[in-house]
Structures are given as structure tokens and as C-alpha cells.
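# Give me a 3D structure for the following:
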Amino acid sequence: NLVETADDYVHVGSFGCIASPVAWFFACFFLIPAYIVVRKRLQNEKQTDAQLDLFRRGLAHCTGIDGNGHPNEQQRPQKSSELFHIFSVLYTARGVIAGGVLLSLAGVEHHQVVGTGFQLALGLPERRLFGLIHLFGAVGGGSVSDCCKVVSAQAKVDEDLWELENTKHTRPTAFIPLGTIVTVFGTGSEMNNGAVITHEEKKIKGALWGAQADFAFLDPTYTLSVPMKQVISGAFDTLSHAMETYFGKPDENNLSDDINEAVMRSVIRNIRVLLTDKDNYEARSELTWASAMAENGILKIGKVTDFQCHMIEHQLGAYTNCNHGAGLAVIHPVLYRHLLPANTARFARFAQNVWGIDPAGKSELKLAQAGVEALAAFIKEIGMPTTFAELGVPADTDLKAVADSTVLTGGCCKKLSREELLDILNECK
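Reported below is the predicted structural model:
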């Protein structure tokens, strides 16, 4: 019932990252025998043909070798620079490492979700097999990391994790170890134990608490094969995290907000660098670091965060499966136009210290409004959608249902009513 729906490659249980020549050696002498071992396990355990097919297709897609070990030139990767993320399940029994689904990032136009979170995370979904797994490796962005966090926790409890946390309000305390290798920066998911998961039946996209990663690798070069659309979307998510913290309470000047302003300026500057030089290592490095800073807790010291925009976008995503960062880009300016009158001083500071707007000759209100419009102009400048229509949200989406199911936070400036929330959604069309 738990499905991660963000636009992100779900390399759940990934382990390793190798260049093509090494991949061929690894495939011939390790993955093919390992695949045969796992296939026999699956067949002996009466697994479904669909699971076997997922295994075969993933193997064939990235190695050009079909599920029976025969070369398939039509599917053979053509670029020696392609990176392969090896989906593997590690077995303690007899020290066997079973290679699983391989997926390639190179040349992919859009990130895709493959299967459901739990099915893909294991490939072998029986509860008893959890005991044979001693490490989960998440290679990808926030969707991957979040899914692995939850699966790691679910492995150690007998009841459904969603019900445990949302009905009994109890959090898990034991986990299968987890490591992450970030290939899509933005969420900062590797910095905490929170996960955003969609319950498709309930149409709720919300928080679950799972494993904290035991280790995390943040190498900007791993982001180079990710489509630029996703890179910019992720970077905007970082900016959103920073803004949602910055506009939280208290409003008084503090060191956390001073650091936050520097993070926001850095994100804005380095997104612009990537728009003209997409392979710029320094810019990608700064955005990777900013993503971590926005969610490692430092900016939140002494703050009560709001994250109302995230709550709205999560429910929009639950109903439409829209891209997370792009959804935030549409909602933020509209939301802030509604919140601005309740705290013009904070928005005026945002305009001056983050966007560099000269306050000369402007009232506090005009300065605050200029800051919000600078944000809106930046979103358009970097090619992000500015309306639901541009985002691809269907015109018949039940926005009232979205508004009625959105979590209402305490409010960074004021607490929204359901009616005003619906107005905001309608203005985003």
C-alpha cells in the first residue's frame, strides 16, 4: 500500500556505481551466475512471473545480456561512460550476494517510478526474507532514500508501518542498516530519518519515520547523468526547504536565519551557473552541499518551521503524481502573496538580503512585494512551471479534495483556512 511517487529513479537497494568496461566484466563473471542463483530461489519459492520478468528486463536493459545469459546487441549500452547502479540484495546466508535489477541513468529523459516501493525494494517480498538482508543501499535522490528508510523500518516490525505510525502514533526503533549514495540533490533526505510516502488507496502523501542512513556519499559527479530538468527541480526543492524554515517562527533576527540567507543566495546563484554551464562541477558541488545544509537541522536551530507549501504540494502530488520541485515552484509565489500582508517585515528582509533589492524609495510593503515577485520571476527564468497548466495538472483535478486533505500547519505568518487554501490552489491554475 505504500508507494513512493516523486519523479525520481527508484534504485532501491542499489549498491555500487561502475563504468561500462568494468560493468561488462562484473556482469559476465558475477551478475549472470548471481542472477541464475536468484532465479532458482524465486522459482523454488513460487514467485510470480512478473517478478522474474522485472529481473530479466533490468539485467537486459543495462548489460545487453538477456535473462538466459545470451548477448542482445540491440539492447547493449553504446556509451562507455554510462554509469550503472547495481540493484543488489545482500544475503548473509553462505555469503551470497545476489545481483538484481540494473538501471541506467544515461540518456533518460524523465525519472520514472518502477513498480511499488516495497516490491522494488526487495524484489523478494516475503517477510521472512527480510532476515537474510543485512544492508540496504539507496543510490538516487530523495524518493530512493525515503523508500529505503521505510523498508528498513518495516523489516523490523510485524504490523503495517503506516498504521503503526499514523494510528498508534508509535515510531520504529530498529532498522536494517542503510547507506545512501546521492545522485539527485535537493531533498536532503540523506540527512535525516524522515520519509515522504504516498498511500495510494487513501490518497495521502505524508511523513513516515524510518532509518537514519549509517553513511551517505555526496559526490557531485554522480549528478552529471541526471536530466537537467530534474537537477533544477531538485535545486528548487532545496530553496523551498530554506524558505519554509526562514519564514517560520520566531521572526527575530538570529544566526540560523543569517546562515539561511547565505544558503538561499548560494542556491540561486548556482542554479543560474548551471543554466549556462550544465557540467560545472563547482556549481553542482555547492548545490549538493546546500541541499544537505537545508535539511541537516542547522538552519532549524531555534526555529519553529512551517512547511505549509510542502503540505499543499504533497497532497497535490497524491492526487496528480506531479513533480515535487515543480509543484512547489507553482505554489510558492501564490502562497506568499497570501501570507505577505501578515508579516511584511520578514518578506521585506527576504527581498533585501536574499534578492538584493534596493529598499530606497520603497515602503516596507512594496519592498516585501518586490521580494515575492523576484521569486516568481526567478522561477520563470530557470524554466520551472508557473501554473498548474504548465505543470501538466489535469484540468479536472479535484482541488477541493486536495485542499480538504492538506495538513494545515501553525502558519509562519498566519494559519490558513480551508477556504483560503482552495483559493490559493485555484489561483495556481
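# from here on, contacts and neighbour counts on C-alpha atoms
Noted.
# Do a quick rundown of the strands in the stretch 301-429 of the chain.
Counting by DSSP state E, counting those that start in this stretch, the stretch 301-429 of the chain forms no strands at all.
# All the helices of it, in order from the start?
308-320, 324-339, 344-353, 364-381, 388-391, 399-405, 418-427 (DSSP state H, counting those that start in this stretch).
# How about the fourth one, which residues are buried there?
Of the residues in helix 364-381, those buried under the neighbour-count criterion (16 or more other CA atoms under 10 Å) are 364-365, 367-376, 378-379.
# Between all of those residues, which two are separated the most?
364 and 379 (23.2 Å; CA to CA).
# Contacts for the helix or strand harbouring residue 230 next, please.
Following DSSP states H and E, one finds residue 230 within helix 228-246. Residues from elsewhere that reach helix 228-246 (CA atoms under 8 Å, 6 or more residues apart in numbering): 110-111, 184-188, 223, 257, 260, 263-264, 267-268, 271, 278, 287, 290-291, 294-295, 299-300, 303-309, 324-326, 328-329, 382, 384.
# try 7 Å this time
With CA atoms under 7 Å, 6 or more residues apart in numbering as the test, helix 228-246 has contacts from 184-187, 257, 260, 264, 267, 271, 287, 291, 294, 300, 305-307, 325-326.
# Also stretch 392-410?
By CA under 7 Å, 6+ apart, stretch 392-410 touches 306, 308, 311-312, 315-316, 320, 415-416, 418, 421-422, 425.
# again, but for stretch 206-223
Taking CA under 7 Å, 6+ apart as the rule, stretch 206-223 contacts 149-150, 152-153, 171-172, 175, 177-184, 190, 192-198, 281, 284-285, 288, 314.
# If you count neighbours, what's buried in the helix holding residue 230?
So helix 228-246, judged by 16+ other CA under 10 Å, has buried residues 228, 230-246.
# and it, average pLDDT?
Mean pLDDT, helix 228-246: 96.
# Stretch 279-294 now?
96.
# what about the nearest residue to residue 295 once chain neighbours are set aside, how many neighbours?
Distances taken as CA to CA, 6 or more residues apart in numbering place residue 188 nearest to residue 295, at 5.3 Å, with adjacent residues excluded. The number of residues packed near residue 188 is 25, by other CA atoms under 10 Å.
# any idea how far residue 188 lies from residue 381?
24 Å (CA to CA, to the nearest Å).
# for residue 282, same thing?
For residue 282 relative to residue 381 (CA to CA), the value is 21 Å.
# Repeat that for residue 147.
32 Å.
# now do residue 142
25 Å.
# low-confidence ranges in this protein?
The model of the chain has pLDDT under 70 over residues 1-134.
# mind running it again at 80?
The model of the chain has pLDDT under 80 over residues 1-139, 155, 158, 251-253, 411.
# before we move on, which element is residue 147 in?
Per DSSP H and E: helix 142-154 holds residue 147.
# Would you enumerate the residues in contact with the nearest residue to residue 351 once chain neighbours are set aside?
In this structure, residue 351 finds its nearest non-sequential neighbour in residue 371, 3.9 Å apart by CA to CA, 6+ apart. Counting by CA under 7 Å, 6+ apart, residue 371 touches 347-348, 350-351, 355.
# can you check residue 152 too?
Going by CA under 7 Å, 6+ apart, the list of residues near residue 152 reads 175-176, 210-211.
# if you set the cut-off to 8 Å instead, what comes out?
Residue 152 sits in contact with 136, 175-178, 210-211, where contact means CA under 8 Å, 6+ apart.
# With neighbour count, distance to residue 393 and secondary structure as added columns, please give the residues you listed in a markdown table.
Output for the contacts of residue 152, formatted as a markdown table (neighbours: other CA atoms under 10 Å; distance: CA to CA, whole Å; DSSP: H, G, I helix; E, B strand; the rest coil):
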| residue | neighbour count | distance to residue 393 | secondary structure |
| --- | --- | --- | --- |
| 136 | 27 | 34 | strand |
| 175 | 20 | 37 | coil |
| 176 | 21 | 37 | coil |
| 177 | 19 | 38 | coil |
| 178 | 22 | 35 | strand |
| 210 | 25 | 30 | coil |
| 211 | 27 | 33 | coil |
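# Which of those residues sits closest to residue 251?
Nearest to residue 251 among the contacts of residue 152, with distances taken as CA to CA, is residue 210, at 31.5 Å.
# ok, now how distant is that closest one from residue 331?
Residue 210 is 28 Å from residue 331, by CA to CA.
# What of residue 136?
34 Å.
# Next: residue 257.
23 Å.
# Kindly report the same for residue 400.
Taking CA to CA, one finds residue 400 at 15 Å from residue 331.
# So which of those two has more stuff around it?
residue 331 (24 against 16).
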